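Colleague: any chance you can model this:
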Amino acid sequence: TADVDTGNTDIPTPGAGGVLSNASVMVISLSNLNLFAGIGGSLDQSTADADLPAFNFDTVGIDTTGALGFSITGGSVHMAIVKPGGLGPTDKTSYLGLEVTLEGASLIGIDGLGFNAAGTVSVNKATDSVGNPAAQKINWATATSTPDLLPDFSSGLTKNVDLAIAGSASVDIFGFVVGKATFTMVQGKSDVTTGNNDLPTVGAGGVFTNASVMVVTLTDLNLFAGAGAALNTNGTATPTDDAIDKGNAIGFSVTGGTVQMAMVKPDTADPMDKTSFLGLRISVTSADLSGIDGLTFKIGGTILVNKSTKADGTANTERVDWANATDTAGFLPVFPSDLTKDVEFAINGSAAINLFGFVVVTADFTFKSQTIDVDQNANGVLSVAEKDLVDATLLTIGLSSVNGFVGVGAGLNPDNSLHIPTDA
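Modeller: The predicted structure follows:
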């Protein structure tokens with residue numbers, strides 16, 4: 001037993017300050033992980049030393065011959081369970097903090113399909129007296145106990161977090177898609193200011209109170225899509241030292257990309273309510289065709305998506321203004337200023353093409369789908385009888401900075417601008 005300072009003063013405790021006195025505490029820690037999760041694995045005890053017992057942890061291994069699943073080498077597990085003192089025999093109030101760190105996990109068993117990952121999984125869970133999920137959880141990032149029993153959890157395992165994942169991964173899908181990226185995923189509860197007062201919220205000002213929020217982020221995106229590439233793992237399960245071997249491959253190489261996705265679901269007691277809001281930004285620094293000498297195609301830019309779903313699952317024209325949305329837990333990423341409530345889908349970027357020096361073109365491009373109201377007679381009143389348009393979809397497509405050459409001898413500069421020599 002111990003006195004646990006939960007770091008959350010909103011947790012119902014006998015005294016003030018969020019301290020659970022005389023609480024029952026159980027802590028489990030695992031280190032030096034070496035395991036297999038899947039089908040067909042087995043323990044392999046091989047020793048010729050007659051002085052050793054039939055089963056010896058010092059010499060036992062894992063046989064994955066013919067198996068299908070994930071091989072995990074190196075890592076740790078820390079789990080803490082706290083149950084307040086003085087509870088009745090049927091009271092199920094409890095708090096759990098869990099953190100799993102993997103140095104390397106690799107998929108085995110399918111020739112040509114590779115997946116390596118490393119990172120940390122964090123879980124925060126609270127249960128009320130009847131066994132249902134409780135809203136208030138321990139802030140494991142700052143929680144302490146007397147005597148000192150609790151493990152040291154990461155700074156990200158706060159009271160608002162339900163689930164968080166952070167790490168890096170590499171993948172090889174039969175040589176057609178090969179790549180690596182760093183990723184994070186966090187899921188929890190937060191008050192979300194949507195920036196759109198027309199959204200149906202419980203309170204005023206377009207605020208979703210105690211909404212479920214999930215954010216996924218990919219950075220350092222480096223991948224190849226085509227044929228003939230391979231993933232060089234350098235003989236380790238960790239993806240940090242993996243590299244893409246393109247050799248004589250043909251396809252598109254993507255470098256320097258990022259993905260940001262946020263999903264918000266308002267708090268509801270109806271399990272069938274499908275109301276949700278999604279904001280997505282995909283940014284590609286450079287995507288270029290490789291493998292064909294003399295043929296160049298390079299593209300870079302940003303894709304923006306803003307989606308809203310009603311309770312019955314149908315599309316909603318009232319969306320979150322992601323450019324100005326904020327939340328109290330700090331989960332939401334910073335989206336660009338043009339991902340407003342009116343934008344449904346947008347693409348902008350630049351492209352450069354060189355067809356063996358005969359056709360060379362560079363241009364900037366935009367495509368946008370947005371929701372607008374059209375007051376055709378400009379009387380300030382939207383009316384179907386007056387044939388005004390309410391929540392109409394406006395598509396705009398634009399090309400700018402178009403430069404081109406058709407002939408012989410032109411090319412592209414290192415910055416992808418058009419180069420026309422004097423003898424072209």
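
Colleague: tell me how many other residues surround Met79.
Modeller: 16 (other CB atoms under 10 Å). Every C-beta, even on glycine, is put in place using the N, C-alpha and C of the backbone.

Colleague: sticking with it, tell me its helix or strand.
Modeller: Per DSSP states H and E: Met79 is located in strand 75-83.

Colleague: past that strand, which element shows up next along the chain?
Modeller: Note on strand 75-83: by DSSP H and E, the next helix or strand toward the C-terminus is strand 94-108.

Colleague: what helices and strands are in contact with that next one?
Modeller: Where contact means 3 or more CB pairs under 8 Å, 6 or more residues apart in numbering; DSSP states H and E, strand 94-108 is packed against strand 68-73, strand 75-83, strand 113-127.

Colleague: without its sequence neighbours, what residue ends up closest to Tyr313?
Modeller: To be clear, residue 313 is Gly; Tyr isn't right here. Once flanking residues are discounted, Gly313 sits nearest to Lys274: 4.3 Å by CB to CB, 6 or more residues apart in numbering.

Colleague: okay, and the beta partners of Gly251?
Modeller: Per DSSP bridges, the residues bridged to Gly251 are Gly226, Ser290.

Colleague: which pLDDT value belongs to it?
Modeller: Gly251 is assigned a pLDDT of 85 by the prediction.

Colleague: ditto for the one 4 residues further on
Modeller: At Thr255 the predicted local confidence, pLDDT, stands at 84.

Colleague: which helix or strand contains it?
Modeller: Counting by DSSP H and E, Thr255 is part of strand 250-265.

Colleague: quick one: list the elements packing against that strand.
Modeller: strand 207-227, strand 276-290.

Colleague: hang on, Ser308 packs against Val320?
Modeller: Yes. Assessed by CB atoms under 8 Å, Ser308 is found in contact with Val320 at 7.1 Å.

Colleague: more neighbours: these two, which one.
Modeller: In this view Ser308 and Val320 are compared by other CB under 10 Å, and Val320 has more residues nearby, 28 against 22.

Colleague: so which strand or helix has that one?
Modeller: Per DSSP H and E, there is no helix or strand for Val320.

Colleague: that older thread, in TSV: the helices and strands packed on strand 250-265, plus mean pLDDT and distance to Phe183.
Modeller: Listed next are those as TSV, based on pLDDT from 0 to 100; distance: least, CB to CB, whole Å:
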stretch	mean pLDDT	distance to Phe183
strand 207-227	89	5
strand 276-290	88	14
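
Colleague: CSV please, covering the ones you listed and showing mean neighbour count.
Modeller: Below are these laid out as CSV (neighbours: other CB atoms under 10 Å):
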stretch, mean neighbour count
strand 207-227, 18
strand 276-290, 18
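
Colleague: and Ser286, which of the helices and strands packed on strand 94-108 is closest to it?
Modeller: strand 113-127 (24.2 Å; CB to CB).

Colleague: what helices or strands is the closest one leaning on?
Modeller: Short answer (3+ CB pairs under 8 Å, 6+ apart): strand 113-127 packs on strand 94-108, strand 161-173.

Colleague: which other helices and strands contact the next helix or strand along the chain from the last one?
Modeller: Towards the C-terminus, the helix or strand next in line after strand 161-173, according to DSSP H and E, is strand 177-193. If you count contacts as 3+ CB pairs under 8 Å, 6+ apart, strand 177-193 packs onto strand 161-173, strand 207-227, strand 243-245, strand 326-327.

Colleague: what about strand 177-193, average pLDDT?
Modeller: Mean per-residue pLDDT for strand 177-193: 90.

Colleague: now the helix or strand bottoming out on mean pLDDT in the chain: buried residues?
Modeller: Of all helical and strand segments in the chain, the minimum by mean pLDDT, DSSP states H and E falls on strand 42-45, at a mean of 74. In terms of neighbour count (16 or more other CB atoms under 10 Å), strand 42-45 has no buried residues at all.

Colleague: sorry, back to before: what's the strand holding Met79 in contact with?
Modeller: 4, 6, 20, 23-33, 93-104, 138, 140, 149-153 (CB atoms under 8 Å, 6 or more residues apart in numbering).

Colleague: per-residue confidence averaged over it?
Modeller: For strand 75-83, the mean per-residue pLDDT is 94.

Colleague: report the angle between it and strand 113-127.
Modeller: For strand 75-83 against strand 113-127, the angle by axes from the mean of the first three to the mean of the last three CA atoms, to 10 degrees is 20 degrees.

Colleague: each with direction, which strands does strand 75-83 pair with?
Modeller: Sheet partners assigned to strand 75-83 using DSSP bridges are listed as strand 19-31 (antiparallel), strand 94-108 (antiparallel).

Colleague: Lys189: neighbour count?
Modeller: Look at Lys189: counted by other CB under 10 Å, it has 22 neighbours.

Colleague: I'd assumed Thr73 was in contact with Glu103.
Modeller: Yes. Using CB under 8 Å, Glu103 makes contact with Thr73 at a distance of 6.7 Å.

Colleague: any shared contact partners between these two?
Modeller: Common neighbours of Glu103 and Thr73, counting by CB under 8 Å, 6+ apart, are Ala237.

Colleague: run a quick neighbour tally on Asn116.
Modeller: Using other CB under 10 Å: Asn116 sits among 25 other residues.

Colleague: scratch that, Gln136
Modeller: Number of residues near Gln136 (other CB under 10 Å) recorded here: 17.

Colleague: so it touches Ile11, yeah?
Modeller: Yes. With contacts counted by CB under 8 Å, Gln136 reaches Ile11, the gap being 4.8 Å.

Colleague: would you turn the helices and strands packed on strand 94-108 into TSV with distance to Ala325?
Modeller: Listed next are the helices and strands packed on strand 94-108 as TSV, based on distance: least, CB to CB, whole Å:
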stretch	distance to Ala325
strand 68-73	36
strand 75-83	34
strand 113-127	24
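
Colleague: closest one to Val177 among these?
Modeller: Taking these one by one with CB to CB, strand 113-127 is closest: 10.5 Å.
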